[in-house]
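Participant: model this:
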Amino acid sequence: VDELEAATGVTLMFRAASGAVPTSAGAALASEGLKLLEHGRALLASARDMGSDATGVVRIVSPQGMPPHIWVVISALLRARWPDLALEHGAFPDPLEHLVGHADLALTLALELPAGPWDALDLAPVPEVLIATPGYLASHSPIERIEQLADHPLLVWRSPDAGPPDALPLVGGGTLPITPYMVTNDFDVLRHLVGAGRGIAFTPHASVPPMVFQHE
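Facilitator: Residues are numbered from 1 along each chain as shown. This next block holds a predicted model:
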């Protein structure tokens, strides 16, 4: 728990003489923990051809802003399976651009499995959601209809395979036209801006409060 708290930068457990109780961040992380482990095992299974005595450096690239707790799981699983491997990591706007000739493994967020001269594995769905802090929602005009989002500064994540961020997809189909206040390909920046109460963000679900999921 201490290691995860250091990696995420948030408190995961309230500790008292009577015991420990998870915070909202801890509960969110626990609910995703088993899924992360299963996805990590799938990642290891896809690399079985490396052999049981693999050595050397594995170069991994990922999107900018990937939540740090994911790397805690990935590094632990890789080290447990191949203790003699060393890892080299880089974060880029589009990790797939660096996969051929520059990296051995790329983690990316995409609507479909990317085609190319590589083996692709679908690890898990990552929904995009609207997030804001409880403090922001309490101190600004309430959102009773989706159109009222236009009254708030919208912070939008730009995915590598998406078009211009001028509309939000709706759960029931269709889109909502928007004019973003800020657009970035680094969703860690969005989480920090939301945590500081700077607006409402449309970003991949990363299970890292302090945030409340307002609308999917």
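
Participant: Just give me the neighbour total for residue 193.
Facilitator: Burial of residue 193 is recorded as 19 neighbouring residues (other C-beta atoms under 10 Å). The way it works is simple: take the backbone N, C-alpha and C, and place the C-beta from them, glycine included.

Participant: What strand or helix carries it?
Facilitator: helix 187-195 (DSSP states H and E).

Participant: Need the contact partners of that helix.
Facilitator: 63-67, 131-133, 136, 155-157, 182, 184, 199-201, 203-204, 206, 208, 210-211 (C-beta atoms under 8 Å, 6 or more residues apart in numbering).

Participant: in this protein, which spans are strands?
Facilitator: Counting by DSSP state E, residue ranges of the strands within the chain are 13-16, 19-22, 56-63, 85-92, 105-106, 128-132, 154-157, 167-169, 175-177, 182-184, 200-204, 212-215.

Participant: OK, contacts around residue 152?
Facilitator: Contacts of residue 152 by C-beta under 8 Å, 6+ apart are 140, 141, 143, 199, 200.

Participant: Would you list the buried entries among those residues?
Facilitator: The neighbour-count test (16 or more other C-beta atoms under 10 Å) marks 143, 199, 200 as buried among the contacts of residue 152.

Participant: How many neighbouring residues does the residue lying closest to the second one once chain neighbours are set aside have?
Facilitator: Yep, that's residue 199 we're talking about. Nearest in space to residue 199, with sequence neighbours left out and distances taken as C-beta to C-beta, 6 or more residues apart in numbering, is residue 153 at 3.5 Å. For residue 153, the neighbour count with other C-beta under 10 Å is 15.
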